[in-house]
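Participant: sequence below, structure please.
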Amino acid sequence: MIELYYGPGACSFVPHAALETIKAATGEDFVPRMLKLHKGEQRAPEYLALNPNGQVPTLVVDGKPLTQIVAICDYLDRRYPQVGLLPAESWARAQAMSQLAWMNNTVHTTFTHFFKPENFAEGEAVHAELKRFAAALYRTQLERIQGWVSSADPYWFGRRPAIHDFYALTLLRWSGFAGIDPDSLPVYKAYVDRVAAHPAVAAAMAREGIKLATFRKA
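Facilitator: Residues are numbered from 1 along each chain as shown. A predicted model of the protein is given here:
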């Protein structure tokens, strides 16, 4: 049995959409376990026993927990290679893992500096400067992703949605919270609209109760 602990709108959307894609392709289901992050459910003792970091996602396979999004995505692809969540050829896969690691440890971290500046420094003035700097840096990183997806046809690796599509969607969705209008990244936005329209992705979004539009114009 596969269980996924996720928080609506968090990076756990990536394996959530992957599991829906696996379900559509193979018929193998999973058990979704929602955590209300705003209520601190990720810090409950029973969850910390699975994931001492108090973060999402956590994948539990036959009672054994696996944490960290890159490891989870690698496991899901290796368990279900027929779904094509990552490239199969060795060099292409290595390049894909390089991109995935960058999205996870660099772009995601930049957004965290914007979203939770209190995790990195003290003082309102410092928080404001962290948010300003992180938002500007985040935009340059999204522009890099826009360059990568400019040749997506229709998805990152071709005809089937994959891990990178789900992470790219998540990162652009977060841009609105950082005050970045996704319409200012038209190629990226059009691509994410295609990704979101895929039935498996739409199913994960519906379960989480999230929408793409997070930007509010002043």
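Participant: for stretch 37-54, measure first residue to last.
Facilitator: 10 Å (Cα to Cα, to the nearest Å).
Participant: what average pLDDT does stretch 72-83 get?
Facilitator: The predicted model gives stretch 72-83 an average pLDDT of 98.
Participant: residues making contact with it?
Facilitator: With contact meaning Cβ atoms under 8 Å, 6 or more residues apart in numbering, stretch 72-83 is reached by 14-15, 18-19, 21-22, 25-26, 28, 57, 59, 61, 66, 85-86, 88, 97, 100, 160, 163. Every C-beta, even on glycine, is put in place using the N, C-alpha and C of the backbone.
Participant: next: stretch 100-116.
Facilitator: Against stretch 100-116 from outside (Cβ under 8 Å, 6+ apart): 11, 69-70, 73, 86, 119-120, 130-131, 133-135, 137-138, 141-142, 145, 163-164, 167-168, 171, 174, 177-178.
Participant: contacting residues for Asn119?
Facilitator: Under the criterion of Cβ under 8 Å, 6+ apart, the neighbours of Asn119 are Thr112.
Participant: ugh, wrong one, Tyr167
Facilitator: 11, 14, 100, 103-104.
Participant: now Ile145
Facilitator: Residues near Ile145 by Cβ under 8 Å, 6+ apart: 103, 107, 168, 171-172, 188.
Participant: list just the nearest of those residues to Lys217.
Facilitator: Using Cβ to Cβ, Leu172 comes nearest to Lys217 of those, at 16.6 Å.
Participant: all good on my end, thank you.
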